[in-house]
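Trainee: Next input, structure requested:
(6 chains)
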Number of protein chains: 6
Amino acid sequence: MISFRLEENSWQDVAAYLEDDNRIIIPVGSTEQHGTFAPLGTDTHVALAVAEEGAERSGVLMAPPLWYGWSPHHLVVPGTVSIRAEILIELFFDLVSSLARHGFRLFVVINGHRLVNIPWLQISAQRIQEELGVRVYLFDLAHMAKEVIAREQMGSIGHGDEQEISHMMHCSPELLRPDRFHDAPHPERTLYHLDPGSSRDSLCYVPATINDMEKLRERTGDTITGSPTRATPEKGRIYHQHLVSRLLELLQHLGNS
Amino acid sequence: MISFRLEENSWQDVAAYLEDDNRIIIPVGSTEQHGTFAPLGTDTHVALAVAEEGAERSGVLMAPPLWYGWSPHHLVVPGTVSIRAEILIELFFDLVSSLARHGFRLFVVINGHRLVNIPWLQISAQRIQEELGVRVYLFDLAHMAKEVIAREQMGSIGHGDEQEISHMMHCSPELLRPDRFHDAPHPERTLYHLDPGSSRDSLCYVPATINDMEKLRERTGDTITGSPTRATPEKGRIYHQHLVSRLLELLQHLGNS
Amino acid sequence: MISFRLEENSWQDVAAYLEDDNRIIIPVGSTEQHGTFAPLGTDTHVALAVAEEGAERSGVLMAPPLWYGWSPHHLVVPGTVSIRAEILIELFFDLVSSLARHGFRLFVVINGHRLVNIPWLQISAQRIQEELGVRVYLFDLAHMAKEVIAREQMGSIGHGDEQEISHMMHCSPELLRPDRFHDAPHPERTLYHLDPGSSRDSLCYVPATINDMEKLRERTGDTITGSPTRATPEKGRIYHQHLVSRLLELLQHLGNS
Amino acid sequence: MISFRLEENSWQDVAAYLEDDNRIIIPVGSTEQHGTFAPLGTDTHVALAVAEEGAERSGVLMAPPLWYGWSPHHLVVPGTVSIRAEILIELFFDLVSSLARHGFRLFVVINGHRLVNIPWLQISAQRIQEELGVRVYLFDLAHMAKEVIAREQMGSIGHGDEQEISHMMHCSPELLRPDRFHDAPHPERTLYHLDPGSSRDSLCYVPATINDMEKLRERTGDTITGSPTRATPEKGRIYHQHLVSRLLELLQHLGNS
Amino acid sequence: MISFRLEENSWQDVAAYLEDDNRIIIPVGSTEQHGTFAPLGTDTHVALAVAEEGAERSGVLMAPPLWYGWSPHHLVVPGTVSIRAEILIELFFDLVSSLARHGFRLFVVINGHRLVNIPWLQISAQRIQEELGVRVYLFDLAHMAKEVIAREQMGSIGHGDEQEISHMMHCSPELLRPDRFHDAPHPERTLYHLDPGSSRDSLCYVPATINDMEKLRERTGDTITGSPTRATPEKGRIYHQHLVSRLLELLQHLGNS
Amino acid sequence: MISFRLEENSWQDVAAYLEDDNRIIIPVGSTEQHGTFAPLGTDTHVALAVAEEGAERSGVLMAPPLWYGWSPHHLVVPGTVSIRAEILIELFFDLVSSLARHGFRLFVVINGHRLVNIPWLQISAQRIQEELGVRVYLFDLAHMAKEVIAREQMGSIGHGDEQEISHMMHCSPELLRPDRFHDAPHPERTLYHLDPGSSRDSLCYVPATINDMEKLRERTGDTITGSPTRATPEKGRIYHQHLVSRLLELLQHLGNS
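Mentor: Alright, predicted model coming up:
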C-alpha cells in the first residue's frame, strides 16, 4: 500500500489489504462555525487527527472524510454547511454499502461532531447492520472522552469549549486565533444537560433553532458556549492520547474477532 | 372539557383550552416483545401511565399515543411491530404540525421506548422547532430516571429489566406473568455501555440485528437482558413517582414561561 | 392469552396463537373534529367498538389502533390531526410487514374514517399483497353499512351525521354533548354524491379544502354535514350489530379458508 | 387556436385562450392488457374518445393524455405497463401545478381506467386543491355511467367486459378482434363487489395480485372478467353519448361558475 | 399484430412478437413552449415522427410516448408542463421495468427534447441497466444529428431554431405559423456553448431560470433562440431522413446482437 | 483570512470575505478505481489541484471537496464508493443552500469525475438556481479541456487514460505506479462515442453495468480504457495550466459581473 489513506491506493492495493483485513475507519465531521477564534472545519480536523493516528499506528485503512454533517443551528453565522439528517442517512448507507460489497466488514466511524451527528448515524448504522450484515462502530469523541474529561476536570460539553479548543491546540494550533478567545457560560435550562456523561436527570438533546443561536450571538457577541480560555495544549495532548488509545484498543479488539 | 384526553373532547372544547394553555403531552411507545413474561405494549403502557398521571394532575391535555415505534431488532419474535425511523420522523412531524396550526406551542413527548426512539425523535423535533416555531421536549423515561436509578441502586438498562418490570408491577401488574420471570445478564462488550447515565467511555448505541437477538434467544431461551426477578412493586412505585414529579416540574416550568 | 389485545400479550402468547390462527384485526381511525358535540376520536372509537366486539366474539387478535389518519380538510378547527397519505401508506406497510414476518397472513382493517382513509389503504394494501404474499381486507364501516342504512332509512353520509352519532350513542354516549346537536344539510353539488351506495352518476370523492370547510363553518357555525338530531341509540345499536355481524361473517369465512 | 389539443397550439394561442377560459380536460388511461381481443390502450382510447368529443363540442382545451396508469395486477401478461401510485401522485401534481401557474383553475380529469386510477388521483387532487387553490374534478367513466348501465341493463364492472367492449365497438372498432371474444364470469367472493353503484355491503377494492391473475389465466385461458360477447356497437353508442353529455353538463356548469 | 403501436395490440399479439424480437422504441418529448409560431408539442411530435417511421420500417414495436418532460425554464409562458427530473427518473424506471418483465431487453429511447431530458434519462437508464439486466439506448435527436447539421450548415442548437422548425416543416407543417416566424440570436455567454458537437471549451449545460427566460421575452418579445426564418422543408427532410436512417442502423445492429 | 480553504477560517473571517466577494469554488470528485496504477482518489485529486491553484491565485474561497461521487460501474473492483445520483442531488442542494444563506451567490463546481457526475449536478444546479436565486457554474475538466486535448493530440476520454494520468503525473506523481501502466483500447461500439468534443453522431452516455466492467476486467486484466503509457508530465503540465487558466478566466468574468 502507498499509505493508510484509501484514496491514495489503487484498487489492487485495496484488494491485497482485504485478503488480511476487513476493518476500515471513516472520519465524520462538519463544516460549521466554532466561534470567531476556531476554524469552521474544527470537527473534521479533530476527527481526522484521531483517525489518522489510529490508522497509521494500527495499519487499518482510512476512508476520505465526510466534511459536511448535520448542523442546522450553526447556520446562524457564515460558512456553516448543514446537510439534512435524512440525506446523511442515505449517503452513509451508500458509502458503507459500496465498501461492504468488496469485503470490508468492520466500520469504525470517528465522529468529531459529537451529539449532533449521532442520531442520523444511529439510524443509518442500524439499517446497514441489518441489511448488509456488517458491523458499524460509532466512536464519538465526546462519548469516548467521558473518563478523561472527568479525570482532568475539563469543562463540560458546549461549543468551541475547553475540550475541543484544547484538542485543536494540540492538533492544528495554526488554525486558531488565541487573541480572540473568550468564554461564554452555558445558559441554565430546566432539566436539560448536554453532557453524555452527566449523572443528572435530563431531557434529550435537540439542536437549538437558528433563532436561539441568534439570541446567543446578540447576548454574547459570538455563537459558542464554554470556556476556551481554559484550554491548553497539554490538556489537548492528554485528551487526544486518550482517544487514540481508546481507538487502538477498539481496533485491536476487532482485529482479533 | 370532558377529560384530559384530546380525543375525548370536541373541537370546541379544545378551542376553549387553547385560550389559556398551549401545552400538550404526547405519549410515544412501541409494540415490541418484552420477554415471555411482559406484554408487547410495555413501552406504551409505561409511557401512558406517566403521561396520564401528569396530564390529570396538571390539567394539560394528552394526545392519543403512538403505539408503534422503531423496534427493528425485536422483530426476532412474534408480535413486535417496527416502523422505519424515516417514516416515524415524518409521522411525528405531521402530528405536531397539525396541532401547532391550532395554537399548541409546547409539546412534551413522553417516550417509554427509551434509547431506540430517541434518534428519530431528535431529527423530527429539530425540523419541527426550526420550521414551525414551536418547542418539543423529549422526556425519555430512562434519561429522566438516572438519579432515582442510582439512588435506589436499580440495575442498569437492558430489556425487560428490573426498571421496567418494577414499573409495570406498579402500573399494570395484571399484564405480567411473574411465574415466567427469569434473568439474563448483559453480554459484556468492549467499550460499549447502554446506560445513558454511565460515566464510562463508550461507543454509541446502535440497535442489535435480528440475528444478534436470535443468538440471544438461543443462548438464554428468551430475548431480554437484565434482572426482572429483582423487580418489586415498591421499586416501581418510587420510580414512577420520580418520573411523574419530574414531569409535573417540567410542565409547571413551561406553564410559567 | 391474556386478552384479545395484541399489546397485552407476550410474544410467547402470540407465538402460541399463531400455531392455530393467522388472522388479525387492525382498527384504523382518525383524530379529527366531529362538530362541537362529538369527540375528536369519534372515528377511532367506532372502529374500536366494532373491532373489539368482533375480536372478543371470534377469538381473533386485535392490534393497537392507528389513532391518526388522513384528515386534511378537518384541520380547519382545533384538535384535528392529519398525517399525509403518503406517510400512512408507508406506516401501514411497515405495520403489516412486521406482523407478516411472524406468520400473520389475513389482515382485516376496520376503518372508522370512511371515504378519506380508503385511498391510502388501497395503495398500501396492494403493495402489501403483492410484495408480502398476505391478504388485506378493507372493512370500511360505510361500505359495510350500505344495506342497513337503506333498510333503516338513515340519512346519507356527511360528517357528524345521523349514522355516526347514532353509533356513538350506542358505543360511547358519555362522550357526546346532545345539548349541542344541530343539523346542517349537505350542500348541493353538481354531479357529486358522497354516498358509496348511491346509484346516481357522480364525480369521485376528493376531500374539501380547508377553505371550503372554513366557509361551511362561517355559514353554519360548525363543520359538520348531516342530521345528528335524528340520531338515536336504537339506530346505533342496529347499525353496530349489523357491522359486527358482517365482521364475524368475514372472520369466519377467512378462518375456514 | 389551431385545435382543442393543447399540444397543437403555441403558447401565444394558449395565452389568448386563458383570457376567456380557465378550464382544461386531462385524459388519464392506462396501457394494460384487456384480454386477447382488445388493445392494451383500451382505457386510454375510451378516455380520449370521451375527452376529445367533450373538448371539441365545448371549446375547452384538452391536455395530452397520461398513457400509463397504475396497473400492478395486469403485469401478469405482456404489454402491460404499471407506474407506482406514489409516482403518479407526483407526476399529476406537477402536471396540474405547471398549468395552474399559467391561469388554468378548473381541471377535469377523464379517467378511463376506472377503479384502479382513483386512489392516487384522490390523493394527488387533494394536495393540488389545498396547495394550489385550483379545483380538480375526477370524472371517472364507471362512476359517471352508473345510471346508464342500470337503465340499459349492461353487465357489471369486470375487465374487458360488456361495458368497455361496447364502448370500444363504438369508438375504435378496428382495434378489436371479435373472433377472439369469450366470456369469463366474475369469481364469487364473500362480501366483495366491484361495482361502484352496487347497493350491497362490500369490502373496498384492492387490486388483485399478479398471482391471482395468473390463476385466472390458468382457469380461463385469458385475464378478463365479464361478458364481452354481449357487447354491441349500439350499447357502446348509448354509453358513450351518456358520458359525453355528462361531461358537457359538467363543463357548462363549471364555465358558469 | 394490428400495428407497430404497442397500445393498439392485445397482450396476445405482444406475446407473439416477443417470441421473435425483444426490441422496443420509446418516444420521449415534452409539452413546452416553442415560440409563438410552433406548437407546444413540438419535441414530442418530432420524436414521434422519427420513432414511427423507424418502427414502421423496421417492424419494431413502439410504446406510447411520454408527452411531458423536464422543462422548468419554459414555464415562463402558458401551456408548458414541467415534471420534476426526480419523478421522471422513477416514471421511466417503472415503464421499462414493466416491459422488461415480459421479455423486452433492448429499449431505444427517441428523445425529442434534446439536452434537457438527457440528465434524468441517464440516471434512470443506469439504474435500469444495473438492476434489470436490460439495455437502454438514448437516441437523442441533437446528438444524432451532429454530422448532418455540420454538413448542411444548419444553425446551432437554440430553441424553436432552424433545426427543429425545419423538421416540423417536414413532419407537421400544419401546426406551424410561418407568419409569426422571427429570429433571436443566441445570447453570448463566457465559456458556455450549448451545442453537443461544439469543439470549444465550455461549461456544462444547466437549464435557465424562469427569470432568465422572462428577460429573454422582454428583450425579444418571445422565448426562443435561433433562426427559424432560415428553416425550410427541404432541410427538414434531409435532417429527418438522416435521423431515421441512423435509427434503422441502430435497430438493425441491435436486432443482430 | 487564514487561507483560501473555507474550513480553515472562522465564521468571522468568512463574514469579512463576504463583504467584498460572493464567489466560491466547490471541488467535486469521486473515490473510484482508476486501474491498478492510479489511486482511487484520482478524480478528486485532479479537481483539487485545479481548484486549489485557481483559488490561491484568484483569492476566491474554496469549500471542502465532495470525495464521493456517482460511480456505479466502478464498484466492480475494491475501494470504489458510489453514492446514488438521487442522494447527491440533495446533498449538493443542501451544501449550496447553506452557503447561499450567508451571501454566496456564484458557485463554481470543479468536477474531476467528468461525464458521470454531470447529470446529477445538472439536476441539482437547476433546482438551486430556480429556488435559491444564485448561479451554479459546472466547470468539468473534460468539457473545459476540449481545445487543449485537440491541440495536443491527446487520446480521447476513457478511464485511467492518457489525459488523466498525464494530469496526475503533473499534480501527484507520488501516487502513481508507472511500473504497472498498461494500455486498453476503447471497445468499439455502434453509434456511441464518449468524448464530449466528438463531432460524430452518437448515443448519449450511460454508465456501464458492473457486469460490463467485469467483462472488461476479464478481457484486459484491469478496468481501464485508454493509453496511460502515452502519458507524460509535460502533457499533464500543459493540460493543467490550460484548465487553471480557464478557471481564472471564468472567475475573473464572474468577479466583474
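Trainee: can we go C-alpha only for contacts and neighbour counts from here?
Mentor: Noted.
Trainee: need the contact list for the closest residue to chain D within the stretch 1-150 of chain A.
Mentor: Using C-alpha to the nearest C-alpha, the point where the stretch 1-150 of chain A gets nearest to chain D is A:Glu86, with a distance of 19.2 Å. For A:Glu86, the contacting residues are A:Trp120, B:Glu86, by C-alpha atoms under 8 Å, 6 or more residues apart in numbering or on different chains.
Trainee: what helix or strand does it sit in?
Mentor: Assigned by DSSP states H and E, A:Glu86 falls within helix A:85-101.
Trainee: Helix or strand next in line after that helix, which one?
Mentor: Secondary structure here is assigned by DSSP H and E; on that basis, the next helix or strand after helix A:85-101 toward the C-terminus is strand A:106-111.
Trainee: Strands of chain A, residue ranges please.
Mentor: Per DSSP state E, chain A carries strands over the ranges A:23-28, A:61-62, A:106-111, A:135-140.
Trainee: now these in CSV, with mean neighbour count?
Mentor: Supplementary listing: those in CSV, determined by neighbours: other C-alpha atoms under 10 Å in any protein chain shown:
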stretch, mean neighbour count
strand A:23-28, 25
strand A:61-62, 26
strand A:106-111, 25
strand A:135-140, 24
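Trainee: Pull up the residues of the stretch 51-200 of chain A that are close to chain B.
Mentor: Taking C-alpha under 8 Å from any C-alpha of the partner chain, the part of the stretch 51-200 of chain A that reaches chain B is made up of A:85-86, A:118-120, A:122-123, A:125-126, A:129-130, A:137-140, A:143-147, A:190-191, A:196-200.
Trainee: from the chain's centre, how far out does the helix holding A:Glu86 sit?
Mentor: With C-alpha atoms, centre = their mean, to the nearest Å as the basis, the distance from the averaged C-alpha position of helix A:85-101 to the chain average is 17 Å.
Trainee: Pull it out as PDB, backbone CA atoms only.
Mentor: Extracted C-alpha coordinates of helix A:85-101, given in PDB (Å, rounded to 0.1, in the frame of the first residue of the first chain):
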ATOM      1  CA  ALA A  85     -30.100  14.300   8.500                       C
ATOM      2  CA  GLU A  86     -32.300  12.200   6.200                       C
ATOM      3  CA  ILE A  87     -29.800  12.700   3.300                       C
ATOM      4  CA  LEU A  88     -26.800  11.900   5.500                       C
ATOM      5  CA  ILE A  89     -28.600   8.600   6.500                       C
ATOM      6  CA  GLU A  90     -28.700   7.700   2.800                       C
ATOM      7  CA  LEU A  91     -25.200   9.000   2.000                       C
ATOM      8  CA  PHE A  92     -23.600   7.000   4.800                       C
ATOM      9  CA  PHE A  93     -25.600   3.900   3.800                       C
ATOM     10  CA  ASP A  94     -24.300   4.100   0.200                       C
ATOM     11  CA  LEU A  95     -20.700   4.700   1.400                       C
ATOM     12  CA  VAL A  96     -20.700   1.600   3.600                       C
ATOM     13  CA  SER A  97     -22.700  -0.400   1.200                       C
ATOM     14  CA  SER A  98     -20.100   0.200  -1.500                       C
ATOM     15  CA  LEU A  99     -17.200  -0.900   0.700                       C
ATOM     16  CA  ALA A 100     -19.100  -3.800   2.200                       C
ATOM     17  CA  ARG A 101     -19.500  -5.100  -1.400                       C
END
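Trainee: tell me the angle that helix makes with strand A:106-111.
Mentor: Taking axes from the mean of the first three to the mean of the last three C-alpha atoms, to 10 degrees, helix A:85-101 and strand A:106-111 form an angle of 150 degrees between their directions.
Trainee: Could you give the average pLDDT over helix A:85-101?
Mentor: Computed over helix A:85-101, the mean pLDDT rounds to 98.
Trainee: now stretch A:3-10
Mentor: Mean pLDDT, computed over stretch A:3-10, is 98.
Trainee: quick one: contacts of that stretch?
Mentor: For stretch A:3-10, contacts defined as C-alpha under 8 Å, 6+ apart pick out A:1-2, A:14, A:55-56, A:59-64, F:31, F:33-42, F:79, F:175.
Trainee: repeat that with 7 Å
Mentor: Residues lying outside stretch A:3-10 but in contact with it, judged by C-alpha atoms under 7 Å, 6 or more residues apart in numbering or on different chains, are A:1-2, A:55-56, A:59-64, F:31, F:33-41, F:175.
Trainee: Now do A:His186: how many residues are near it, please.
Mentor: The local packing count at A:His186 equals 16, with neighbours defined by other C-alpha atoms under 10 Å in any protein chain shown.
Trainee: thought it was touching A:Ile224?
Mentor: No - A:His186 sits out of contact with A:Ile224 when judged by C-alpha atoms under 7 Å, with a separation of 9.0 Å.
Trainee: shared neighbours of these two, anything?
Mentor: Shared between the contact lists of A:His186 and A:Ile224 (criterion: C-alpha under 7 Å, 6+ apart) there are no residues.
Trainee: okay, the residue positioned nearest the centre of chain A: pLDDT?
Mentor: A centroid search over chain A (C-alpha atoms, centre = their mean) returns A:Gly112, at 1.1 Å, as the residue closest to the centre. Predicted confidence (pLDDT) for A:Gly112: 98.
Trainee: For chain A, what lies in contact range of chain F?
Mentor: Counting by C-alpha under 7 Å from any C-alpha of the partner chain, chain A comes close to chain F at A:7-12, A:14-15, A:31, A:33-41, A:64, A:67, A:75, A:77-83, A:87, A:90-91, A:94-95, A:98-99, A:102, A:175.
Trainee: Buried among those residues? Need that as a selection in PyMOL.
Mentor: Once 16 or more other C-alpha atoms under 10 Å in any protein chain shown is used to decide burial, the buried members of the residues of chain A next to chain F can be selected in PyMOL as follows:
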select buried, chain A and resi 7+8+9+10+11+12+14+15+31+33+34+35+36+37+38+39+40+41+64+67+75+77+78+79+80+81+82+83+87+90+91+94+95+98+99+102+175
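Trainee: Leaving out the residues flanking it, which one is nearest to the residue in the stretch 151-257 of chain A that chain B sits nearest to?
Mentor: With C-alpha to the nearest C-alpha, the shortest gap between the stretch 151-257 of chain A and chain B falls at A:Asp201, namely 4.5 Å. Excluding the flanking residues, the one nearest A:Asp201 by C-alpha to C-alpha, 6 or more residues apart in numbering or on different chains is B:Met144, at 4.5 Å.
Trainee: got a list of what the one you found touches?
Mentor: Applying C-alpha under 7 Å, 6+ apart, the residues contacting B:Met144 are A:Asp201, A:Ser202, A:Leu203, B:Leu243.
Trainee: List just the nearest of those residues to F:Pro27.
Mentor: Sorting those by how near they are to F:Pro27, with C-alpha to C-alpha, puts A:Leu203 at the top with 40.2 Å.
Trainee: In this model B:Phe139 seems to touch that closest one, though I could be wrong.
Mentor: Yes - under the criterion of C-alpha under 7 Å, A:Leu203 lies in contact with B:Phe139, with a separation of 5.2 Å.
Trainee: Quick one: neighbours of the nearest residue to A:Val206 once chain neighbours are set aside, just the number.
Mentor: Counting by C-alpha to C-alpha, 6+ apart, B:Gln122 is the residue found nearest to A:Val206 once chain neighbours are left out, at 5.4 Å. For B:Gln122, the tally of surrounding residues (other C-alpha under 10 Å) stands at 23.
Trainee: Equivalent analysis for A:Glu234, please.
Mentor: Counted by other C-alpha under 10 Å, the residues lying close to A:Glu234 total 13.
Trainee: can you check A:Val46 too?
Mentor: As a burial measure, the neighbour count of A:Val46 was computed by other C-alpha under 10 Å and equals 27.
Trainee: Then A:Glu56?
Mentor: The criterion is other C-alpha under 10 Å. On that basis, A:Glu56 has 14 neighbouring residues.
Trainee: for the spatially closest residue to it that is not a sequence neighbour, phi and psi?
Mentor: The spatially closest residue to A:Glu56, leaving aside those adjacent along the chain, is A:Phe4, at 6.1 Å (C-alpha to C-alpha, 6+ apart). For A:Phe4, the backbone dihedrals (degrees, to the nearest 10) come out as phi -80, psi 0.
Trainee: any idea how far chain E is from A:Phe4?
Mentor: As defined by C-alpha to the nearest C-alpha, to the nearest Å, A:Phe4 lies at a distance of 32 Å from chain E.
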